[in-house]
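Visitor: build me a structure from this.
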Amino acid sequence: MPRPDHQTTTRTDVTAGAVLAPYLQDQAAEFLRSLRLHRENSAPTDAGTLAAEEATGALRRSARRISGTLHTFRSALEPGWAEQLRTELAWLSGTLAREHAYATRLTRLLDALHALSGTSAVPAARTRAKAAGIAKAPGTAPLDTDAALPETPPHDVTPQPVAAPRTRAALDVGAARAGALLERQLTLARTRAHSAALQAFGSSRFHAVADAVALLASEVPLSAASTAPAAEMLHGPAHRAEQRLLGAVAALPADQAVEPYDEAYDAPWHQTRLLLRLHRYAHEVVRGAPDPVLAAPGHALDLHRDAAEAAAAAAAAARTPRIAPATAYALGVLHADQRHEVEAAREVFRETWPHTSAVTAP
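Guide: Coordinates of the predicted model:
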C-alpha cells in the first residue's frame, strides 16, 4: 500500500490510520531486512564485518523512526502497546549504538592527535584545569602547560609565555603516549559494548522486540481515534513536535554567554538534537518525505555531540592516575581542540538553521 503524501493527508476523507500504518509497516520491514543482513554477516568471534556494521546502523535507524513515531502520534495508537514497544526499541537502539560510538570516537581522537602533533601551530592549551572542565584526580599530573614545563611555579595559575619549540616538543612526546592510552581505554570499551550487543541479540528481550516488530509489519494496533481525519489527528502532534524544537532552539544560550570549556551547556544542545530528530520523523509521516532543509543543521548537531563526547573521553583519560606530564599535556591540548570543535559545530548549526529568528536566546 503506497504511503499518502502531504496533499493526500490534508484531505478530510483520509484517516490517520491510513497514513500511520504504511509508514510504520515500511519501517518495520526495513528493521526485519536489516536484522536478516546482520545475522548473515555477523561473526561472533570478532568485532563484525563492514556489512554487519552497516546492517546494525540500518537496524538502529528504523528502530529510531518507529520509536519516534510511536511517541509523537501515540494518540492514534493503542497506548499500552505503543509505550512498551517504544521503550524496548529505545533500549535496543542505545545498546547497539555504543560499539559504533566508541569506534568513531577513537578514530576521531587519534586523527586529531595526529593533526595537532603534525602541524606547526599548536592550539592554545589550557592553563588551568578548572578552565578546561577537568578535575585533577589524586595521583595525576597537572593538566596544563605549566605541568609539561615545570619551571613555572606550581602555585602560579596565570598563563605564562612558553617558547613554541618547547611547546611543540612537549606535545610531540606526549601525543604518542596519549594516543596509546586512548586506544587502550576506548578499545576495551568497544569490546565490552560489542559483547553487550551480542548478548542483547541473543536475549529473550530482543526476541520479544523482534516478534513485536514482525507483527507490526503486518498489522498496526491503532486506536479508535485513528479513524478520524489525518489532518485532525496527525497535524496537531506534528506541529507540537515542531514547536518544542523551536522553543529549544530559541532557548539555546548565546555563544558570548558561555565559557568555551563549560560542558554544562552541552545538555541543551543534546536535547535540541533529540527534538530535531523527532520533528524530522514527524515530518516524514505527515509530508511523506524528509525535509531537506533539516539535513545540514541535523548534521551539525551530530558533529556537536561527537566532539563533546570526544572531549569528555580526553578528559577522562587525563584523569588516569600516574600518567606522565607530557601525556597529560597532550590530552589537555586534545581536549581543548575538541571543545573548539564543539563551538564550531554550534556556529554551523546557527548558520544552517532555517528559522533564523529562533537561533539565539533573548
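
Visitor: Arg184 sits in which helix or strand?
Guide: Under the criterion of DSSP states H and E, Arg184 resides in helix 164-201.

Visitor: quick one: list the elements packing against that helix.
Guide: Counting by 3 or more Cβ pairs under 8 Å, 6 or more residues apart in numbering; DSSP states H and E, the packing neighbours recorded for helix 164-201 are helix 79-117, helix 145-148, helix 295-318, helix 325-352. Quick note: C-beta positions are derived from backbone N, CA and C, even for glycine.

Visitor: okay, the angle between the first one and helix 295-318?
Guide: By that I understand helix 79-117. Put simply, helix 79-117 runs at 70 degrees to helix 295-318, going by axes from the mean of the first three to the mean of the last three Cα atoms, to 10 degrees.

Visitor: about what we covered before: ok, which of the helices and strands packed on helix 164-201 comes nearest Ala208?
Guide: Evaluated over the helices and strands packed on helix 164-201, closeness to Ala208 peaks at helix 79-117, with 7.3 Å, by Cβ to Cβ.

Visitor: got a list of contacts for stretch 269-284?
Guide: With contact meaning Cβ atoms under 8 Å, 6 or more residues apart in numbering, stretch 269-284 is reached by 23, 64-65, 68-69, 71-73, 237-238, 241-242, 244-245, 248-249, 252, 290-291, 294, 297-298, 301-302, 304-305, 308, 346.

Visitor: what's the answer for stretch 189-208, then?
Guide: Surrounding stretch 189-208, the residues in contact under the criterion Cβ under 8 Å, 6+ apart are 38, 44, 47-48, 56, 88, 91-92, 95-96, 98-99, 101-103, 106.

Visitor: which of the residues you listed sit farthest apart?
Guide: Glu88 and Leu106 (29.2 Å).

Visitor: which of the residues in stretch 101-108 are buried?
Guide: Using 16 or more other Cβ atoms under 10 Å as the test for burial, stretch 101-108 gives Ala101, Tyr102, Ala103, Arg105, Leu106, Arg108.

Visitor: what of stretch 234-253?
Guide: Leu234, His235, Pro237, Ala238, Ala241, Glu242, Leu245, Leu246, Ala248, Val249, Leu252.

Visitor: you'd agree the third one is up against Thr69?
Guide: In this case it means Pro237. No - look at Pro237 against Thr69 with Cβ atoms under 8 Å: they stay out of range, at 10.0 Å.

Visitor: for Pro354, see how far away the spatially closest residue to Gly298 that is not a sequence neighbour is.
Guide: Spatially, and ignoring its direct neighbours in sequence, Gly298 is nearest to Leu276 (5.6 Å; Cβ to Cβ, 6 or more residues apart in numbering). Remark: distance between Leu276 and Pro354 (Cβ to Cβ, to the nearest Å) = 11 Å.

Visitor: with neighbour numbers in mind, choose between those two.
Guide: For Leu276 versus Pro354, the count of surrounding residues by other Cβ atoms under 10 Å is larger for Leu276: 23 against 11.

Visitor: quick one: average pLDDT of the helix or strand harbouring that one?
Guide: Using DSSP H and E, Leu276 sits in helix 266-287. The pLDDT scores in helix 266-287 average 97.

Visitor: angle of it against helix 295-318?
Guide: 150 degrees.

Visitor: can you pull out the low-pLDDT segments for the stretch 201-350 of the chain?
Guide: 257 (pLDDT under 70).

Visitor: please redo it, this time with the cut-off set to 90
Guide: Scanning the stretch 201-350 of the chain for pLDDT under 90 picks out the ranges 253-264.

Visitor: over to the stretch 51-200 of the chain?
Guide: For the stretch 51-200 of the chain, the ranges with pLDDT under 90 are 51-53, 117-173.

Visitor: ok, 70 please
Guide: Within the stretch 51-200 of the chain, the stretches falling below the threshold (pLDDT under 70) are 119-170.

Visitor: re earlier: any chance of the helices and strands packed on helix 164-201 in CSV, plus distance to Leu198?
Guide: Below are the helices and strands packed on helix 164-201 laid out as CSV (distance: least, Cβ to Cβ, whole Å):
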stretch, distance to Leu198
helix 79-117, 10
helix 145-148, 41
helix 295-318, 23
helix 325-352, 30
